[in-house]
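Chemist: dropping a prediction and its sequence here:
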Amino acid sequence: MRIDILTVFPEMFQGPLDFSIVSRAVHSGIVEIQIHDLRDFTESPQRKTDDAQFGGGSGMLMNALPIIRGAEAVRDMALESSQVRIVFLSASGKALTQSLARELSLAEQLVLVCGHYKGVDERAIEYLNGEEISIGDYVLSGGELPAMVLVDAIVRLLPGAVGSLDSVEEDSFYDGLLEAPRYTRPQTVRGLSVPEVLLSGDHAAIDAWRLEQSLQRTKERRPDLYSKWTKEHESHQEALEMQIVHSLSVNPTPVSQDASGVSIRPLLADNVGARKFHMRLFEVQPGGHTPHHEHEWEHEVYILQGSGAIVSDEGEMEFKAGDAIWVSPKERHQFKNTGAENLRFLCLIPTMGTCT
Ligand SMILES: C[S@@+](CC[C@H](N)C(=O)[O-])C[C@H]1O[C@@H](n2cnc3c(N)ncnc32)[C@H](O)[C@@H]1O
């Protein structure tokens, strides 16, 4: 990916992009970032880039022409317009979210225009068919800090920028929820200890605890995200239920939700017995794979879409949509997508209780 930033304050970018993940991504060639001084694109001898507003009003406005010339100069004409996105950082733009960052991370080239003063002449946005993005409901003095925020949010999503993709996927907002609390050494800090479950080594129980905490936090702190997530997952679950029923030709018992909002399904009684399960849906892109991992519990995996293979100490076993796989406790394994479409599978992780 290539990112070009147009600004009247190029010096502001020295430093913030020179550390950590963004800097490593630049050095390893994952992203190229170029900062351009908008004053280089003026025709005024004073290199002026702003003027008073038509119709009056306090504050200067950035001229359209230096922005248009700048964007045209840096735009890679070899790319199709859908692969180049021209973004104006703007308080009145659409909100920057994790899913928008993910969408932008797929572009080949991004041209970021930093406004200043009272903003930019509307015709620059119109002519360049730009999109306006805001980093929050507050007004900053210029688009430089928002551009840095946007660059950071996007670059960490580029393949190879962060050591493990799992780490990015476990972050807040990736799946629409806030992250569960995290802990590191020492086990006790000023009398505060780490939740027992995290020391248990039981990965299924840890996953279930984290999901529960995530849901609880999101419900308390971001009811807007929580209701969106529960709505999406309800319809998601209906669809999954249909597919499972179809693939197994058994009638499922109804889905219910516990107090924390975690979906619990007393599963297909003749198949797995009357135990509670957490359902987790996984998606692996073509050519991708999950990390090698193991669970304390035996669990079931239903292949909903695509084809692939499960690799374990026992060897490699191929599967396709409609297959159900039984994974033994402590069996180290990995799922690989060997097909051309996304591989989607549902993991049923037993919890301790039984269904009544
Ligand atoms: C002082 S602001 C202009 C605010 C503008 N008059 C308005 O009311 O929306 C100057 C520049 O800062 C940037 N900016 C300010 N707040 C922003 C935000 N929340 N998100 C993205 N960019 C912002 C924009 O590039 C904007 O052109």
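Modeler: Cool, got the structure.

Chemist: who's in contact with the residue of the stretch 101-250 of the chain found nearest the ligand?
Modeler: At 2.1 Å from the ligand, G115 is the closest residue in the stretch 101-250 of the chain, using C-beta to the nearest ligand atom. (C-beta placed from N, C-alpha, C; glycine too.) G115 makes contacts with 62, 88-90, 142-143, as judged by C-beta atoms under 8 Å, 6 or more residues apart in numbering.

Chemist: ok, and of those residues, which contact the ligand?
Modeler: When the contacts of G115 are filtered against the ligand using C-beta under 6 Å from any ligand atom, the residues retained are 89-90, 142-143.

Chemist: so of these, which ones are in helices?
Modeler: Applying DSSP state H to the ones next to the ligand among the contacts of G115, no entry is found in helices.

Chemist: what's the most distant pair in those residues?
Modeler: The span of those, defined through C-beta to C-beta, is set by S90 and G142 at 11.2 Å.

Chemist: name the member of the ones next to the ligand among the contacts of G115 with the most neighbours.
Modeler: When neighbours are counted as other C-beta atoms under 10 Å, the busiest of the ones next to the ligand among the contacts of G115 turns out to be G143, with 30 neighbours.

Chemist: relative to V26, how far out is it?
Modeler: Per C-beta to C-beta, to the nearest Å, G143 is found 21 Å from V26.

Chemist: could you look up the SS state of A161?
Modeler: When the structure is reduced to helix, strand and coil (DSSP: H, G, I helix; E, B strand; the rest coil), A161 reads as coil.

Chemist: right, and it touches H27 too?
Modeler: No - in this structure A161 lies outside contact range of H27 using C-beta atoms under 8 Å: 11.1 Å.

Chemist: between those two, point out the one with more neighbours.
Modeler: Between A161 and H27, A161 has the larger neighbour count (other C-beta under 10 Å), namely 21 against 9.

Chemist: now that one, nearest residue through space, not along the chain?
Modeler: Spatially, and ignoring its direct neighbours in sequence, A161 is nearest to A25 (4.3 Å; C-beta to C-beta, 6 or more residues apart in numbering).

Chemist: what about the one you found, how many neighbours?
Modeler: A25 - counted by other C-beta under 10 Å - has 23 other residues nearby.

Chemist: you'd agree it is up against D152?
Modeler: No - here A25 does not reach D152: they are 10.1 Å apart, not a contact under C-beta under 8 Å.

Chemist: sorry, back to before: possible to save the ones next to the ligand among the contacts of G115 as JSON lines with pLDDT?
Modeler: Below are these laid out as JSON lines (pLDDT from 0 to 100):
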{"residue": "L89", "pLDDT": "98"}
{"residue": "S90", "pLDDT": "98"}
{"residue": "G142", "pLDDT": "98"}
{"residue": "G143", "pLDDT": "98"}
